[in-house]
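1. Sequence first, then the predicted structure, then my questions.
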Amino acid sequence: MPGLARTGVAPEQFRGVAARVVAALIAGLLLFGSFPPRPFWFLAPVGIAVLTATVRGAGSLRGGFGYGMLAGLGFFVPLLPWTGIYVGPAPWLALSTACAVYLGLFGLLTNLIGRLPGWPLWVALAWVTAEWIRSSFPFGGFPWGRLAFGQADGWFLSLAAVGGAPLIGFAVALTGTGLAALVERLAMARQAAKAAAGERNSAGEAVGSDSANSARSRAGLASRTGIITAAATLAIMPIAGVILRSALPAPDDGDRTITVAAIQGSVPRLGLDFNAQRRAVLDNHVRRTEQLADEVAAGRVRQPDVVIWPENSSDIDPLRNADAAALITRASEAIHAPILVGAVLVNGDRTTTNSVMVWNGAAGPGDRHDKKIIQPFGEYLPMRSFFRLFSEYADRAGYFVPGDGDGVVRADGVDIGVATCYEVAFDRAFRDSMRAGAQLLTVPTNNATFGDSEMTYQQLAMSRVRAVEHGRALVVAATSGVSAIVTADGAVPQQTDLFVPAALVADLPLRSSTTLATRIGATPEWVSAILTAAAVVVAWSRRRGSRSVYATDQGFSVDQSVG
């Protein structure tokens, strides 16, 4: 290869770099393939294994970062195209690239700490730490694409009840690093066996002194021990997940049972301008609720105790618009139950809140939850004067402000924890409501702005993780789908199709008991961050020490040659 010769790059080195580039991209695609609506959750540990092997052998911290970021692009670019459906590819690619930086950080950390004793554990902790940072910074973080959210159909789901989404992520990562370690150990054992075979004479007798044979015996024992340890690391978390599955509450276990209805009214059209027909959206939800009332009156459906409408089901502020208030009152009186209404409320300073309020028939509004974790570049635009220079869609971002409540609304004597749409991706969303005594959870959402993309299925998987994490039944109410009933073991006994008006009715248990994950909150992430930081300090000290020894040896050799 004359071109490589001119650049001073050996052909072997070029092939090694090219192989790592391909491996990194494959690792990212494997991670993507593990996410809904695909049921291939088991691809995630394989993706972690490929990525770990790639960045550990990268040779430099810069190489570890680069290959990690390539894997991030292979993961996030196909995972997040729904973010650019109606605004063009620039926001989608920018967000994907920003998220890929955090996989680059993981690659850098793995390259640094991946030679420590017990490295599969430290690398798995580094993965959790990198996800935690991505979920927190900047602009409040972006948790979409965390490993846990691809595991709703897998063996690891039950671990959410013990340590939430962070523990699932750790379990998947540890399984992947264990797989990488096992493959590495098997390859080393094979090479050692070949070397030993080459040292035998034609008579089949071992060549060498007794001490050499003893050293080979000890090496063989160490190799077998390493293989067994790696295999145990690979197997421990999947086995734990399967065993814990039996400890999850049964779908009907609880203190008492209520009947809940979720209304999916659908929207006139998809896209960012769906709310140009705000009255039509409200009418759709009123109409489908009144149809449910007719079915209840005819005895075909049970009488609900509570009805849940989705986010943006009334983008006309019913506290300011008498017509909207009258329509919601009419629907609530027809169904003889309070309705949780997703509404956009206009504040006195012309900002808005994305709210869920309880509407009690003629008595009108009661408790409400103002969305606390609002979406940057959608519901509001951080650094508006700066970002508007890059996209004509910037000024279409809203002027929403976050609420500050505990995330619980009371309807018919029931405390319901609310995480509106984007909030469900964040671990902290339901923590406040669980501390406030939530007996049932709900995720009102509006997916009409993301068309028929995979976003709605990815979000449903998050809701399933949250149901197991907190041991609560959960109701997803979506404007255009998918609406669903989720039981406390993460199962989905009912769900709707996309883009059709529908109503789901289910008897759901109320619970007051809490899971270990609920009680310990963010502790797993803090522990992961602290241990990762400690591993980095140790690895960096060892790295500097080895460099110092090397420099001393080189200086000694020079002095000897001079002398």
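-> On my side now, so go ahead.
2. low pLDDT regions in the stretch 301-450 of the chain?
-> The stretch 301-450 of the chain contains residues with pLDDT under 70 at 383-396.
3. Break down it into its helices, ranges please.
-> Here the stretch 301-450 of the chain has its helices, by DSSP state H, counting those that start in this stretch, at 322-335, 384-387, 428-435.
4. could you dump these to CSV with distance to Ala467 and mean neighbour count?
-> C-beta here means a position set from N, CA and C on the backbone, and glycine is covered the same way. As requested, the helices of the stretch 301-450 of the chain are exported to CSV (distance: least, Cβ to Cβ, whole Å; neighbours: other Cβ atoms under 10 Å):
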stretch, distance to Ala467, mean neighbour count
helix 322-335, 25, 19
helix 384-387, 36, 12
helix 428-435, 10, 21
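5. Could you work out which of the ones you listed reaches nearest to Asp253?
-> Set against Asp253 and scored by Cβ to Cβ, these come closest in helix 428-435, at 17.3 Å.
6. Packing partners of that closest one?
-> Judged by 3 or more Cβ pairs under 8 Å, 6 or more residues apart in numbering; DSSP states H and E, helix 428-435 is in contact with strand 414-418, helix 455-470.
7. re earlier: do you know which of the helices of the stretch 301-450 of the chain lies nearest Gly114?
-> helix 428-435 (30.8 Å).
8. CA-only coordinates of the closest one in CSV, if you can.
-> Output in CSV follows, covering the C-alpha atoms of helix 428-435 (Å, rounded to 0.1, in the frame of the first residue of the first chain):
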residue,chain,number,x,y,z
ARG,A,428,-36.6,11.3,39.8
ALA,A,429,-40.0,11.8,38.2
PHE,A,430,-41.9,9.3,40.3
ARG,A,431,-39.7,9.5,43.4
ASP,A,432,-41.4,12.5,44.8
SER,A,433,-44.9,11.1,44.1
MET,A,434,-44.0,7.8,45.8
ARG,A,435,-42.7,9.7,48.8
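9. what angle do it and strand 414-418 make?
-> 160 degrees (axes from the mean of the first three to the mean of the last three Cα atoms, to 10 degrees).
10. Okay, angle between helix 428-435 and helix 455-470 too, please.
-> Using the same axes, to 10 degrees: helix 428-435 against helix 455-470 is 40 degrees.
11. what separates helix 428-435 from the chain centre, distance-wise?
-> 17 Å (Cα atoms, centre = their mean, to the nearest Å).
12. Leaving out the residues flanking it, which one is nearest to the residue nearest the centre of the chain?
-> Of all residues in the chain, the one closest to the mean position by Cα atoms, centre = their mean is Arg146, 2.7 Å from it. Leaving out its chain neighbours, the residue that sits closest to Arg146 by Cβ to Cβ, 6 or more residues apart in numbering is Glu131, at 5.2 Å.
13. Would you agree that neighbour falls within a helix?
-> Yes - counting by DSSP: H, G, I helix; E, B strand; the rest coil, Glu131 falls inside a helix.
14. check contacts around it.
-> Glu131 sits next to 102, 143, 146-147, 166, 169 when contact means Cβ atoms under 8 Å, 6 or more residues apart in numbering.
15. what about the strands in the stretch 351-500 of the chain?
-> For the stretch 351-500 of the chain, applying DSSP state E, counting those that start in this stretch gives strands covering 352-359, 365-370, 408-411, 414-418, 440-445, 474-478, 484-486, 494-495.
16. repeat for the stretch 151-300 of the chain
-> Under DSSP E, counting those that start in this stretch, the stretch 151-300 of the chain gives strands at 256-264.
17. which intervals of it have sub-threshold pLDDT?
-> Ranges of the stretch 151-300 of the chain meeting pLDDT under 70: 196-222, 269-276.
18. Now do the nearest residue to Ala484 once chain neighbours are set aside against Gly361, distance only.
-> Leaving aside its chain neighbours, Ala484 sits nearest to Gln495 (3.9 Å; criterion: Cβ to Cβ, 6+ apart). Distance of Gln495 to Gly361, given as Cβ to Cβ, to the nearest Å: 29 Å.
19. can you check Val538 too?
-> Distance of Val538 to Gly361, computed by Cβ to Cβ: 64 Å.
20. now Gly145
-> 42 Å.
21. ok, the residue nearest to the centre of the chain to Ala94 distance?
-> 20 Å.
22. what do you get for Ala522?
-> 29 Å.
23. And for Ala293?
-> In terms of Cβ to Cβ, Ala293 sits 46 Å off from Ala94.
24. These two - which one has more neighbours?
-> For Ala293 versus Ala94, the count of surrounding residues by other Cβ atoms under 10 Å is larger for Ala293: 23 against 15.
25. which ones are touching the more buried one?
-> Here Ala293 is in contact with 331, 334-336 (Cβ under 8 Å, 6+ apart).
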